[in-house]
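Colleague: Predicted coordinates and the sequence they were generated for:
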Amino acid sequence: MAHYFEERPESASRPGSVTLVLPDLHLRLETDSGVFSPERVDQGTRILLESVPPPPPEGDLLDLGCGYGPIALTMASRAPAATVWAVDVNRRSVDLCAANARTAGLDKVRSVHADEVPEEVRFSAIWSNPAIRIGKTALHEMLTRWLSRLTPDGAAHLVVQKHLGSDSLQRWLNEQGWPTTRTASRSSYRILRVGAR
Ligand SMILES: C[S@@+](CC[C@H](N)C(=O)[O-])C[C@H]1O[C@@H](n2cnc3c(N)ncnc32)[C@H](O)[C@@H]1O
């Protein structure tokens, strides 16, 4: 079965588009088959974007697992002087996010494969609708890799569904030394704030 987190989706391209409507933003985003939630902006993503505090105005920010870019583009429009790294392992997603940023005129979005972010870059904010479906071990590895790159006063905001394990993820993050609190709860979604360790 095909998964949205494949590196090179083999499904035939089926271009589409969605609209992202937030109180401060109205964007049309191009999508395609083989990427996450191509028919509409995911509800968890929307809840994250409606409840997260404003990003730091400058520095390096990260959207971990950018898909076609709703989170990265929102970060960039709320923090126009910041550099927003939009990373994914799915090449089709990386390309779509880059194209969507170009169309929106958000030229400080760097949409790249997860292995292409320069080693020295540190993030003052990470926003993510993380790929829970990659499995617990891969999820923990991915979060460890990127949360370790928070600046000392930086914070990550993650949206996770309760039935996909938000409580156990919160527990695990705290056990690993990342102070994690639940800052919002809407329908089945939880927003976790993770501080640097
Ligand atoms: C739940 S989707 C969210 C996509 C997008 N941010 C959104 O809100 O529509 C998670 C994304 O993480 C990506 N992903 C999976 N494993 C990853 C990894 N190890 N590193 C970075 N991104 C990954 C997937 O390809 C997918 O695009």
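Modeller: Nice, I can see it.

Colleague: how about the residue of the chain at minimum distance from the ligand, what does it touch?
Modeller: Nearest residue of the chain to the ligand (CB to the nearest ligand atom) works out as residue 65 at 2.4 Å. Any C-beta I mention is one placed from the backbone N, CA and C, and that applies to glycine too. If you count contacts by CB atoms under 8 Å, 6 or more residues apart in numbering, residue 65 has them with 5, 36, 87, 88, 128, 129, 130, 131.

Colleague: Show me what the helix or strand containing residue 127 is packed against.
Modeller: For residue 127, the host element (DSSP states H and E) is strand 123-128. On a contact count with 3 or more CB pairs under 8 Å, 6 or more residues apart in numbering; DSSP states H and E, strand 123-128 meets strand 60-64, helix 70-78, helix 136-147, strand 150-161.

Colleague: For the residue nearest to the spatial centre of the chain, which non-adjacent residue is spatially closest?
Modeller: Note on the chain: the residue nearest the mean C-alpha position is residue 128, at 3.1 Å, using CA atoms, centre = their mean. In this structure, residue 128 finds its nearest non-sequential neighbour in residue 64, 3.9 Å apart by CB to CB, 6 or more residues apart in numbering.

Colleague: I figured the one you found hits residue 142, correct?
Modeller: Yes. Residue 64 is within contact range of residue 142, at 7.3 Å (criterion: CB atoms under 8 Å).

Colleague: the more surrounded of these two?
Modeller: residue 64 (25 against 18; other CB atoms under 10 Å).

Colleague: Dig out what the more buried one forms beta bridges with.
Modeller: residue 87 (DSSP bridges).

Colleague: Can you name the residues that contact the closest residue to residue 185 other than its chain neighbours?
Modeller: Using CB to CB, 6+ apart and skipping residues adjacent in sequence, the residue nearest residue 185 is residue 191, 7.4 Å away. Residue 191 makes contact with 47, 48, 51, 52, 157, 158, 159, 182, 183, 184, 185 under the criterion CB under 8 Å, 6+ apart.

Colleague: Mind doing that once more with 10 Å?
Modeller: Counting by CB atoms under 10 Å, 6 or more residues apart in numbering, residue 191 touches 44, 47-48, 50-52, 157-160, 166, 181-185.

Colleague: Going through the residues you listed, which ones are buried?
Modeller: 44, 47, 48, 52, 157, 158, 159, 160, 166, 184 (16 or more other CB atoms under 10 Å).
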